[in-house]
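Asks: curious how this folds, go ahead:
(2 chains)
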2 protein chains.
Amino acid sequence: MPFSYTLQATSGKARAGKICTNHGEILTPVFMPVGTLGTVKAMSPHELIETSAQIILGNTYHLYMRPGHELIRKAGGLHKFINWQRPMLTDSGGFQVMSLAALRKITKDGVKFRSHIDGSLHYFTPESVMEIQEALGADIIMSFDECPSYPATRDYVEKSLRTTLRWAEKGLRAFKNHENQALFGIVQGGIYDDLREKSALALMDMDFPGYSIGGLAVGEEKDDMFRLTEFLNDILPADKPRYLMGVGTPSDLLKNVANGVDMFDCVMPTRNARKGSIFTRHGKMIIKAARYKEDFNPIDPECSCYACTHFSRAYIRHLITMNEILGMRLATIHSLHFYQELMNMARTAILENRYQEFLDSMLPVLDRIVD
Amino acid sequence: MPFSYTLQATSGKARAGKICTNHGEILTPVFMPVGTLGTVKAMSPHELIETSAQIILGNTYHLYMRPGHELIRKAGGLHKFINWQRPMLTDSGGFQVMSLAALRKITKDGVKFRSHIDGSLHYFTPESVMEIQEALGADIIMSFDECPSYPATRDYVEKSLRTTLRWAEKGLRAFKNHENQALFGIVQGGIYDDLREKSALALMDMDFPGYSIGGLAVGEEKDDMFRLTEFLNDILPADKPRYLMGVGTPSDLLKNVANGVDMFDCVMPTRNARKGSIFTRHGKMIIKAARYKEDFNPIDPECSCYACTHFSRAYIRHLITMNEILGMRLATIHSLHFYQELMNMARTAILENRYQEFLDSMLPVLDRIVD
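Replies: Numbers count the residues shown, from 1 in each chain, chains lettered A, B, ... in the order given. Here you go, the predicted structure:
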């Protein structure tokens, strides 16, 4: 088995750990930048490494659509196609089928849907999603899930969960590439604690090497998210990594680390940066604001990233205002660097058993707008 | 005088030389990537250096509009604002006033025009353009010129030339920053040999440290351009650099080097690359072409640029097709690297006095589409 997780330390419910894969180690808690179409938008692999990214994500739905998993198989897999040597994770496509595809029709065996690009007809099954992800070749892959949109009735979520659990079993049976990939099960169940518990216990019976928490950050109240991650992490086994899918802001990350989450991914640091909303240790910097027009300080004078050690707020503001690619690049570099630094600070605080103190010191500033 | 030009070798009329500035040396013939708004589009300064760029260009008109030359003055000049340590050149704004501005009204003292961005009213004079370029602080700056559009009547060009020569004198008198900047005069005169000669001789009387050839590559026949550069370079002094503004394709560069041109700038390698038209030593590669879909070779297997040493045609095709920033970056890196390599090859051929042979070997492939 090429995949392993070692719990190294806890501080309250927060966990520091180490994941081993064929492409190297991942120290947790970890934030995974999102490379939807085989590129973390605006970044080169070299720059991602400079931000200390340990693992990046590819989206199965998007890569299946374009350039196609068979092309990536021919290229020797996603690592080789995009020239990324470190670990990689692909999602199941379930969330994208829910949020992007048109006219989706869910049966017990899979989902028929129309492409968001050209309206062409496609069919995802638990087995086909395994095949796609095996072609992509990420180190960590996901079971195909039916991801309910929010809000959803309890009846819908209950029925959807039965589907997801059936698909998890079918995916597990279809999955063969144990030497190179680890398959995670995805806990669903909407905002219903008992359904979430049922989902977690059923997946634990199937004994996945890691567990994802899906179907959150889809519009529910933040309190529901935090309640559910704490609730679920009390159920999920301590010797397996827990991955909260699609989350979130810096404070979301820290609060969920406090609840025992190990892995995160989100487009926020990259997407927001390209629009000029830059995450810093002092809060969000809206770089287009007039106050930065003649501000020749770096985004964060204490930051060691390429953007902060070479360029001023005034220059980055000018570039972002002019829609210049370099502006998007510099803002992205800083935000990703900050996310990695935040996770590294969280890990250190856990190892030194002072996570709550760290959390209390960080939370008051992270959500504010820098002024 | 911080600026000097040394003619090092000739091969036919082709010249190898060395320009010295306060920000370092420039070996000629040289291609200068265009950084319109204070950034060579999609590139970082570090990447530009990796392509072997010796000097880059900023556009006076654009930088005056946004972010404004006073802001750049406060930043400590354009070098510091954009973090570029090597030599830099700014143009006069004359070409942009002709091609971009609305409702321009030319008087003997300057041009009133409306901004292409917001319609606001502006007034450029030979003196104000000196002041703007002194605020920007490039090593090489240009006299303000009236650049006739093409086609233009001989009467118009003759009158325009009188204006440009008057402005050259006024600019020269207004220019004070001799310790840090070298002011070039711009030869105008349309496609009329006698007017071009008159322009060159009048500027030579004013004794500029270098001469630009403006008003070409504006729609005239290529034969007119080549005839005029050869004609003018027989007139212009051998001990001063000659800069052909806004040119051009790889074959345009090589043919004009044969005619004695030392310096070039053009948006083609950067602009075309972002659209997927990539310049290579084997011709233009239209990377979106279906034939590259499963082509896992680099753009040019013999090229040492970051794009060619790390990524395949299939991947770059995918990125460009998806409008991904990394695709534009990689295509730009290759095209700029190739332009620099081409100029370096030309220089070596001149130093070894085999330029015509080199030209004959390169021309048959440069303009074709790679297949």
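
Asks: residue A:318 against residue B:67, yeah?
Replies: Yes - under the criterion of C-beta atoms under 8 Å, residue A:318 makes contact with residue B:67 at 4.4 Å. C-beta coordinates here come from the backbone N, C-alpha and C atoms, glycine included.

Asks: so what sits against both of the two?
Replies: Residues touching both residue A:318 and residue B:67 (C-beta atoms under 8 Å, 6 or more residues apart in numbering or on different chains): residue B:38.

Asks: ok, the two, which is more surrounded?
Replies: Neighbour totals were compared for residue A:318 and residue B:67, and residue A:318 leads with 28 against 23 (other C-beta atoms under 10 Å in any protein chain shown).

Asks: so which elements touch the lowest-mean-pLDDT helix or strand in chain A?
Replies: Ranked by mean pLDDT, DSSP states H and E, the weakest helix or strand in chain A is strand A:102-106, scoring a mean of 88. On a contact count with 3 or more C-beta pairs under 8 Å, 6 or more residues apart in numbering or on different chains; DSSP states H and E, strand A:102-106 meets strand A:111-114.

Asks: quick one: strands adjacent to the strand it packs on?
Replies: The sheet places strand A:111-114 alongside strand A:102-106 (antiparallel), strand A:121-124 (antiparallel), with pairing taken from DSSP bridges.

Asks: just put those in TSV and tack on mean neighbour count.
Replies: Below are the strands paired with strand A:111-114 laid out as TSV (neighbours: other C-beta atoms under 10 Å in any protein chain shown):
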stretch	mean neighbour count
strand A:102-106	12
strand A:121-124	16
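
Asks: get me the contact residues on chain A for chain B.
Replies: Residues of chain A lying close to chain B by C-beta under 8 Å from any C-beta of the partner chain are A:37-39, A:41-46, A:66-67, A:71, A:74-75, A:81-83, A:293-294, A:296, A:306, A:310-312, A:314-315, A:318-319, A:321-322, A:324-329.

Asks: now, of those residues, which are buried?
Replies: A:37-39, A:41-45, A:67, A:71, A:75, A:81-82, A:294, A:296, A:306, A:311-312, A:314-315, A:318-319, A:321-322, A:324-329 (16 or more other C-beta atoms under 10 Å in any protein chain shown).

Asks: helix or strand: which one has the closest residue to residue A:39 other than its chain neighbours?
Replies: Nearest residue to residue A:39 in three dimensions, chain neighbours excluded: residue B:326, at 4.6 Å (C-beta to C-beta, 6 or more residues apart in numbering or on different chains). Element membership for residue B:326 (DSSP states H and E) is helix B:325-351.

Asks: wait, what's in contact with the residue most central in space within chain A?
Replies: Nearest to the mean C-alpha position of chain A, by C-alpha atoms, centre = their mean, lies residue A:265 at 1.6 Å. Shown in contact with residue A:265 (C-beta under 8 Å, 6+ apart): A:31, A:32, A:33, A:34, A:57, A:89, A:243, A:245, A:246, A:247.

Asks: make CSV from those and add neighbour count, distance to residue A:356 and pLDDT to it.
Replies: Shown next, in CSV, are those (neighbours: other C-beta atoms under 10 Å in any protein chain shown; distance: C-beta to C-beta, whole Å; pLDDT from 0 to 100):
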residue, neighbour count, distance to residue A:356, pLDDT
A:31, 28, 20, 98
A:32, 23, 25, 98
A:33, 24, 27, 98
A:34, 20, 29, 98
A:57, 23, 29, 98
A:89, 27, 29, 98
A:243, 26, 23, 98
A:245, 26, 25, 98
A:246, 21, 25, 97
A:247, 22, 20, 98
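
Asks: mind checking which of those residues are in strands?
Replies: Among the contacts of residue A:265, the members found in strands (DSSP state E) are A:31, A:32, A:33, A:57, A:89, A:243.

Asks: most distant residue from the centre of chain A?
Replies: residue A:294 (35.9 Å).

Asks: isn't that one right next to residue B:71, touching?
Replies: Yes - using C-beta under 8 Å, residue A:294 is in contact with residue B:71, at 6.2 Å.

Asks: please identify every residue contacting each of those two.
Replies: Listed as contacting both residue A:294 and residue B:71 by C-beta under 8 Å, 6+ apart are residue A:314.

Asks: would you map the helices across the stretch 101-250 of chain A?
Replies: Ranges of helices in the stretch 101-250 of chain A, per DSSP state H, counting those that start in this stretch, are A:126-136, A:154-174, A:193-206, A:222-235, A:250-258.

Asks: now these as CSV including mean pLDDT and distance to residue B:195?
Replies: Shown next, in CSV, are the helices of the stretch 101-250 of chain A (pLDDT from 0 to 100; distance: least, C-beta to C-beta, whole Å):
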stretch, mean pLDDT, distance to residue B:195
helix A:126-136, 98, 64
helix A:154-174, 97, 77
helix A:193-206, 98, 82
helix A:222-235, 98, 72
helix A:250-258, 98, 64
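
Asks: adding mean neighbour count, write the ones you listed out as a markdown table.
Replies: Below are the helices of the stretch 101-250 of chain A laid out as a markdown table (neighbours: other C-beta under 10 Å):
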| stretch | mean neighbour count |
| --- | --- |
| helix A:126-136 | 23 |
| helix A:154-174 | 19 |
| helix A:193-206 | 18 |
| helix A:222-235 | 18 |
| helix A:250-258 | 23 |
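
Asks: format the ones you listed as JSON lines; extra columns: distance to residue B:173.
Replies: Below are the helices of the stretch 101-250 of chain A laid out as JSON lines (distance: least, C-beta to C-beta, whole Å):
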{"stretch": "helix A:126-136", "distance to residue B:173": "67"}
{"stretch": "helix A:154-174", "distance to residue B:173": "79"}
{"stretch": "helix A:193-206", "distance to residue B:173": "80"}
{"stretch": "helix A:222-235", "distance to residue B:173": "67"}
{"stretch": "helix A:250-258", "distance to residue B:173": "57"}
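
Asks: for these, which one sits closest to residue B:279?
Replies: helix A:126-136 (32.7 Å; C-beta to C-beta).

Asks: between that closest one and helix A:154-174, how many degrees?
Replies: Orientation check (axes from the mean of the first three to the mean of the last three C-alpha atoms, to 10 degrees): helix A:126-136 against helix A:154-174 gives 50 degrees.

Asks: low-confidence ranges in the stretch 1-150 of chain A?
Replies: Filtered on pLDDT under 70, the stretch 1-150 of chain A yields the residue ranges A:1.

Asks: got phi/psi on residue A:18?
Replies: Note on residue A:18: its backbone torsions stand at phi -140, psi 130 [degrees, to the nearest 10].

Asks: before we move on, back to that, my read is the residue farthest from the centre of chain A is in a helix, agree?
Replies: No - under DSSP: H, G, I helix; E, B strand; the rest coil, residue A:294 falls outside any helix and is assigned coil.

Asks: picking that back up, is the residue nearest to residue A:39 in contact with residue A:42, as I believe?
Replies: Yes - between residue B:326 and residue A:42 there is a contact at 7.0 Å, judged by C-beta under 8 Å.

Asks: so who does the residue nearest to residue A:91 when sequence neighbours are not counted touch?
Replies: Among residues not flanking residue A:91 along the chain, residue A:142 sits closest, at 5.2 Å (C-beta to C-beta, 6+ apart). Shown in contact with residue A:142 (C-beta under 8 Å, 6+ apart): A:60, A:89, A:90, A:91, A:92, A:94, A:133, A:183, A:184, A:186, A:212.

Asks: which secondary structure state does the fifth one sit in?
Replies: Following three-state DSSP, residue A:92 is assigned to coil.

Asks: tell me the contacts of the residue of the stretch 101-250 of chain A found nearest chain B?
Replies: Nearest residue of the stretch 101-250 of chain A to chain B: residue A:117, at 10.4 Å (C-beta to the nearest C-beta). Counting by C-beta under 8 Å, 6+ apart, residue A:117 makes contact with A:65, A:66.

Asks: how distant is stretch A:240-257 from the center of its chain?
Replies: The chain centroid and the centroid of stretch A:240-257 are separated by 8 Å under C-alpha atoms, centre = their mean, to the nearest Å.

Asks: what of stretch A:253-260?
Replies: Computed by C-alpha atoms, centre = their mean, the chain-centroid distance of stretch A:253-260 equals 14 Å.
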